[in-house]
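Novice: Structure, please.
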Amino acid sequence: MDVSGGSGQPRSGNDEPAEHPAGPTAPTTGTTDHPGPEPHDAPKPPPPADRDPDTAEDTPAEPPHPKTGEDTGDAGDTGADEEAPAAGTRTGAGEHRTLAHSGIAKGEPPRPPAKEPGGGLLMGRPFGVPVYVAPSWFLVAALITWVFGGQLDRVLPELGAARYLVSLFFAVAFYASVLVHELAHTVAAIRFKLPVRRIQLQFFGGVSEIEKEAETPGREFVLAFVGPLLSLVLAGIFYLAMKPVDPDTVPGVLLAGLMISNLIVAAFNLLPGLPLDGGRMLRAVVWKITGRPMSGTVAAAWVGRALAISVLIGLPLLNQSGVIGGGSEEVSGMDTVTDALLAAILAAIIWTGAGNSLRMARLREHLPELRARSLTRRAVPVQTDTPLSEALRRANAAGARALVVVDAEGHPLSLVREAAIVGVPEHRRPWVAVSGLAQELTDGMRVSAELSGEELLDVLRATPATEYLVVEETGEIYGVLSAADVERAFVKAMARPS
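Specialist: Numbering: from 1, shown residues only. So this is what the prediction gives:
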C-alpha cells in the first residue's frame, strides 16, 4: 500500500498522549531454541511503557468527541499561551493535561528510541540470514571443553593436556550441528515465504527468529519437525562414520560424542510442549482438529508447563536412581547438586518459554486491532516561524496533541518532536520557533491511515522514529502517530485475554 502523503488541512485522529516516545520494536514472530526451548512464531513486543493507558478507538474524519483514558501523571498549569486543555486526555485525578505536558511522568523526559541489539558476533549469512554467536556461547563452550576434557582423561589418558583442544573442537562441532538444526528451520521458513530475522547461537543451543506465523497447521508442523529430523539425520551420519573407526581413538570418541549429542537434541526438542519443536507440532495438531491456532497454543503451552515441572523433579531422580549415567553408587553429592541445578535451569527455560508463547499468541490474535487510524493523534498545521507558545495555544484550543510544520501552500515539511517541546521552559516558548524543534519528514515517516496489524509494524520498523505523519490515500493530513502509543497498544494487547 502506498504510504506517501501530500498536503492539506489536518484531519482528526486520536489525541491520547505518549508518556515515553520511543521507537517501536517490530515483532519477531518466530524463535527456535535448541536444544532448549524454541517459540517459533512468538512476536516480540516493543519495550513496555511506564504507563498503560487504554488504546483509542477508531477516530472519524471530523474532530471526535473527547475520550478519557487511564493515564496517570503530573498535571499542571501551562500558562496563558496554553489556556485550552487538550481534549481526550484525563489524568487519574480528573485533571486535563496540555500538549506541553504530555510525555511527562513525574517530571522525567521521554525515553529515546530503543536500539535493537546486534545479537553478538556475526559469523555469516547463509541463505541471506545473519548468524550470530551470543557472548553466552563462549561460556557454555568453556563448560563443554572442561566437562568433555574430564571424560577424555578417563578414556584416552595418553592425550594429557591436549585433551582440552580435542574438547574445544567437540564444542565447536556440536554447535555446528545445532546450526544445521536451525538452518533446517530457516530453509523451511524461506520455502513457506516466512521472513527469518536472524539465527543466534547461545547458551542453551540456538534460536531461529521467524518473523511471521505459518499460515496453516500443516506448514506449522513441517516447520517444527524439520529441526529434530535434521538432528536425527546428523546422528545417523555420525553413527555410520563411526563404523570403520577405532572407538579408542580421538576420531572415534568425537564421532560417538557427536552422535549422542545430536540424538539428545532431537529427543529433547521432540518433547510435546511449548516452546520446544514438539510443542509446535502438538500445537499444529490441535490447531488442525479445532480450527483455532489459539486453542493449539493454549494446549501446547500447558503441556510445556507440565513438562517443566517433570524436568525439575524427574531429572535429578533419574540421575540418582542410576537410570541416566550409570549406577546409583556412582552419584556423588556434587553430582546431585549439578543435576538439580541443570534441571532447575531447563525447567525455568521451558516454563518461561511456554508462558511467553501464550502471551505472544494473544498478541498475535489481537494484532489486527492495532490500526494507524485509531492510534493517531489529532494535529494542527503551523508555519515554520510560528512561536512555540502560539503553536501550543492553537493545538490546545483545537483539542490536538501534535504539531505539523507546513509551508505556505500547506505541504507538510516536518513534525514537532514531543520530546523537544518538553525540553523548552515555558518562559522561553514565545521566543522559540517550532521549526527548531521539528524533525524533517522522510518518505518512511509518512504512514497511510489504512495500515493495521503487522503491515503497520513493518512500516514503522523500516524507519524508526518517535512520531510519524499519518495521511489519507488522497494525501490529506490525518494526524500524527506516536511510536509510544503503538508501544502501549502492544503491551495492552498482550495483557488482554482472548
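Novice: From Glu182, how far out is Leu168?
Specialist: As judged by C-beta to C-beta, to the nearest Å, Leu168 and Glu182 stand 21 Å apart. Where C-beta positions appear, they are placed from N, C-alpha and C, glycine not excepted.
Novice: show me where the stretch 251-400 of the chain has strands.
Specialist: For the stretch 251-400 of the chain, applying DSSP state E, counting those that start in this stretch gives strands covering 380-382.
Novice: sorry, back to before: between Leu168 and Glu182, point out the one with more neighbours.
Specialist: Taking other C-beta atoms under 10 Å, Leu168 and Glu182 do not tie; Glu182 has more neighbours (27 against 17).
Novice: can you tell me how far the more buried one sits from Leu201?
Specialist: 8 Å.
Novice: same question, Gly279
Specialist: From Gly279 to Leu201 the distance is 21 Å (C-beta to C-beta).
Novice: ok, the two, which is more surrounded?
Specialist: Gly279 (32 against 25).
Novice: Verify the stated contact: that one with Leu270.
Specialist: No. Using C-beta atoms under 8 Å, Gly279 is not in contact with Leu270, being 9.7 Å away.
Novice: Report the buried residues of the host helix or strand of Asp153.
Specialist: According to DSSP states H and E, Asp153 maps onto helix 135-155. Along helix 135-155, these residues count as buried under the neighbour rule (16 or more other C-beta atoms under 10 Å): 137, 140-141, 144-145, 148-149, 152-153.
Novice: pLDDT and distance to Asp458 for those - can I get that in CSV?
Specialist: Listed next are those as CSV, based on pLDDT from 0 to 100; distance: C-beta to C-beta, whole Å:
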residue, pLDDT, distance to Asp458
Trp137, 89, 30
Val140, 87, 34
Ala141, 89, 36
Ile144, 88, 39
Thr145, 90, 42
Phe148, 88, 44
Gly149, 86, 47
Leu152, 87, 50
Asp153, 84, 54
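Novice: hey, where'd the helices end up in this structure?
Specialist: Here the chain has its helices, by DSSP state H, at 135-155, 163-191, 217-242, 250-269, 277-290, 293-321, 333-366, 372-375, 388-397, 418-422, 453-462, 483-495.
Novice: Redo the ones you listed as a markdown table? Include distance to Val405.
Specialist: Conversion of the helices of the chain to a markdown table gives the following (distance: least, C-beta to C-beta, whole Å):
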| stretch | distance to Val405 |
| --- | --- |
| helix 135-155 | 44 |
| helix 163-191 | 43 |
| helix 217-242 | 47 |
| helix 250-269 | 54 |
| helix 277-290 | 49 |
| helix 293-321 | 44 |
| helix 333-366 | 34 |
| helix 372-375 | 21 |
| helix 388-397 | 9 |
| helix 418-422 | 12 |
| helix 453-462 | 21 |
| helix 483-495 | 19 |
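Novice: Which one of those lies nearest to Val207?
Specialist: Between Val207 and these, the tightest spacing by C-beta to C-beta is seen for helix 163-191, at 7.5 Å.
Novice: what's the angle from the closest one to helix 277-290?
Specialist: Orientation check (axes from the mean of the first three to the mean of the last three C-alpha atoms, to 10 degrees): helix 163-191 against helix 277-290 gives 20 degrees.
Novice: Against which helices or strands is helix 163-191 packed?
Specialist: Under the contact definition 3 or more C-beta pairs under 8 Å, 6 or more residues apart in numbering; DSSP states H and E, helix 163-191 sits against strand 33-35, helix 135-155, strand 196-202, strand 205-210, helix 217-242, helix 250-269.
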